[in-house]
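Student: Sequence plus the predicted model coming up.
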Amino acid sequence: AQTVTQSQPEMSVQEAETVTLSCTYDTSESDYYLFWYKQPPSRQMILVIRQEAYKQQNATENRFSVNFQKAAKSFSLKISDSQLGDAAMYFCAYRSLSDSNYQLIWGAGTKLIIKP
Amino acid sequence: NAGVMQNPRHLVRRRGQEARLRCSPMKGHSHVYWYRQLPEEGLKFMVYLQKENIIDESGMPKERFSAEFPKEGPSILRIQQVVRGDSAAYFCASSPLDRVAPLHFGNGTRLTVT
């Protein structure tokens, strides 16, 4: 069974600086998707970025980028130029591409605090 | 295009009562997923439905919990005879026919059992 581990319960960063959130996962599959979701206090789960495992190029979305290391099963999220609005819980999630498995497997989350 | 709509946003029930949580997927989405989130934890899969069909309910307790996604109307997650341990945030997500498309989440329903 697949598992997702986020080893940092909480991270803090000064506004305008860069922070990296860690995520590791375990799977025997070769094709899958990885996601980072943001959950602000409003509780809505917002997709931040997605990475297809077959793509070697790291995904980027404006200030958000990932460092995807498939062999190491690592999928970290880098937030550049941190803003106050980035404060939230961040969840890493895995999704298989096999027909029989379509659930999102979630990490426990990392609380990101932005210091003004 | 409205997003995934869940209601109510907050629901308070006494032990033994029934809780009904509603989810209207995004327009054009035919797949609905229900997840439960306990405090300080990530989401846990409960059930996956398509219109009029339960595809996978392996994450849902076999007793007291049921889910449906009728041909017309929202998906309903029903919890009978609620207990304090059912207190959690319940999220609904939807996706189009392409299952590998990202899930779109609603704002969740926070159920509190007193």
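Tutor: Cool, got the structure.

Student: tell me the contacts of the nearest residue to B:P102 once chain neighbours are set aside?
Tutor: In space, and not counting its chain neighbours, B:P102 is closest to A:L47: 5.2 Å by C-beta to C-beta, 6 or more residues apart in numbering or on different chains. In this view, the C-beta of every residue, glycine as well, is placed from N, C-alpha and C. The contact partners of A:L47, taken as C-beta atoms under 8 Å, 6 or more residues apart in numbering or on different chains, are A:35-37, B:102-104.

Student: Next, the contact list for the residue of chain B found nearest chain A, please.
Tutor: Scanning chain B for the residue nearest chain A gives B:G42, at 3.3 Å (criterion: C-beta to the nearest C-beta). B:G42 is in contact with A:4, A:91, A:93, A:106-109, counting by C-beta under 8 Å, 6+ apart.

Student: now do B:Y90
Tutor: Contacts of B:Y90 by C-beta under 8 Å, 6+ apart are B:6, B:21, B:34-37, B:46, B:77, B:108-111.

Student: Report the secondary structure state of it.
Tutor: strand (DSSP: H, G, I helix; E, B strand; the rest coil).

Student: hang on, the residue nearest to B:P102 is in a strand, isn't it?
Tutor: Yes. Assessed by three-state DSSP, A:L47 belongs to a strand.

Student: Against B:L11, how distant is it?
Tutor: 26 Å (C-beta to C-beta, to the nearest Å).

Student: now swap in B:A19 and tell me
Tutor: 6 Å.

Student: Please compare the two by neighbour count and tell me which comes out ahead.
Tutor: In terms of neighbours (other C-beta atoms under 10 Å in any protein chain shown), B:A19 is the more surrounded of B:A19 and B:L11; the figures are 22 against 17.

Student: Now the more buried one: phi and psi?
Tutor: Main-chain torsions, B:A19, degrees, to the nearest 10: phi -120, psi 130.

Student: Redo the contacts of B:Y90 as a markdown table? Include secondary structure.
Tutor: Putting the contacts of B:Y90 into a markdown table (three-state DSSP) gives the following:
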| residue | secondary structure |
| --- | --- |
| B:Q6 | strand |
| B:L21 | strand |
| B:W34 | strand |
| B:Y35 | strand |
| B:R36 | strand |
| B:Q37 | strand |
| B:M46 | strand |
| B:L77 | strand |
| B:G108 | coil |
| B:T109 | strand |
| B:R110 | strand |
| B:L111 | strand |
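
Student: What's opposite A:C92 in the beta bridge?
Tutor: A:W36 (DSSP bridges).

Student: dump the residue contacts of it.
Tutor: A:4, A:6, A:21, A:23, A:25, A:34-36, A:75, A:77, A:106-107.

Student: With B:Q80 instead?
Tutor: By C-beta under 8 Å, 6+ apart, the contact list for B:Q80 reads B:18, B:64-66.

Student: pLDDT score for it?
Tutor: As predicted, B:Q80 sits at a pLDDT of 97.

Student: tell me which parts of chain B are close to chain A?
Tutor: B:33, B:35, B:40-45, B:48, B:56, B:59, B:89, B:91, B:93, B:99-100, B:102-108, B:110 (C-beta under 8 Å from any C-beta of the partner chain).

Student: Counting only strands, which of those make the cut?
Tutor: B:33, B:35, B:43-45, B:48, B:56, B:89, B:91, B:93, B:104-105, B:110 (DSSP state E).

Student: Now rank those residues by neighbours and give me the top one.
Tutor: B:L43 (29 neighbours).
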